[in-house]
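Asks: Using only what follows, build the 3D model:
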Amino acid sequence: MATITKEAELNASVDDVWAKLTDLEGYSDWLSIHTGYPDGAPDELTPGTTFKESVMVMGMPGEVTWTVKEVEPASSLELTGVGPMGVQLRNAYRLEPNGDGTKLVCESEFGGDALAAMEGPLSNASEQALTESLKNLEAQLG
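Replies: This is a model prediction of the structure:
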């Protein structure tokens, strides 16, 4: 699986960053690939919760079925997913207090036979999308 890791130093408390990461309804404000929830967003993020998310990657729409793997309030959130053609996905967010702010580490993984020929361009597009999303998140946290 291809892995993309990005870090951001955010001028917001761990609690404020956590609130944004766990407010699925607010993803359209900062997560650049997010386009909606076909069945609605779940009320809570607890291990085992599943939900569907519509995304747009490289101009192509897709739907991911996510499962919440790990939730440690104000510390970490990990989701695993299955996308079109059996694509395997993983998104993990780790938060660490850093003075008055927060260090956020984002890790995104994807893989599967359907992506083998597109891994390079998809990695580049995913890295750009993650960078854009972190800038959007920072702007949202003001």
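Asks: The lengthiest strand in the chain: what's the following helix or strand?
Replies: The residue-count maximum for a strand in the chain (DSSP state E) belongs to strand 60-72. Next along the chain after strand 60-72, taking DSSP states H and E as the criterion, comes strand 76-82.
Asks: helices or strands up against that following strand?
Replies: If you count contacts as 3 or more Cβ pairs under 8 Å, 6 or more residues apart in numbering; DSSP states H and E, strand 76-82 packs onto strand 60-72, strand 88-98. For every residue, glycine as well, the C-beta is placed using N, CA and C.
Asks: 10 Å instead?
Replies: Helices and strands touching strand 76-82, by 3 or more Cβ pairs under 10 Å, 6 or more residues apart in numbering; DSSP states H and E, are helix 14-22, strand 50-57, strand 60-72, strand 88-98, strand 101-111.
Asks: List the pairing partners of the last one within its sheet, with orientation.
Replies: Here strand 101-111 has these sheet partners by DSSP bridges: strand 2-10 (antiparallel), strand 88-98 (antiparallel).
Asks: Could you export the ones you listed as TSV, including mean neighbour count?
Replies: Formatted as TSV, the strands paired with strand 101-111 follow (neighbours: other Cβ atoms under 10 Å):
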stretch	mean neighbour count
strand 2-10	15
strand 88-98	17
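Asks: Out of the ones you listed, flag the one nearest residue 121.
Replies: Minimum separation from residue 121 across those (Cβ to Cβ) falls at strand 2-10, 11.0 Å.
Asks: What score does the residue nearest the centre of the chain have for pLDDT?
Replies: Nearest residue to the geometric centre of the chain (Cα atoms, centre = their mean): residue 91, 5.1 Å. The model reports residue 91 with a pLDDT of 97.
Asks: ok, and the closest non-adjacent residue to it?
Replies: Take residue 91 and drop its neighbours on the chain: the residue closest to it by Cβ to Cβ, 6 or more residues apart in numbering is residue 79, 4.9 Å away.
Asks: give me the number of residues near that neighbour?
Replies: Residues near residue 79, counting by other Cβ atoms under 10 Å, number 21.
Asks: can you pull the contacts of it?
Replies: For residue 79, the contact set (Cβ atoms under 10 Å, 6 or more residues apart in numbering) comprises 45, 49-51, 53, 64, 66-71, 89-93.
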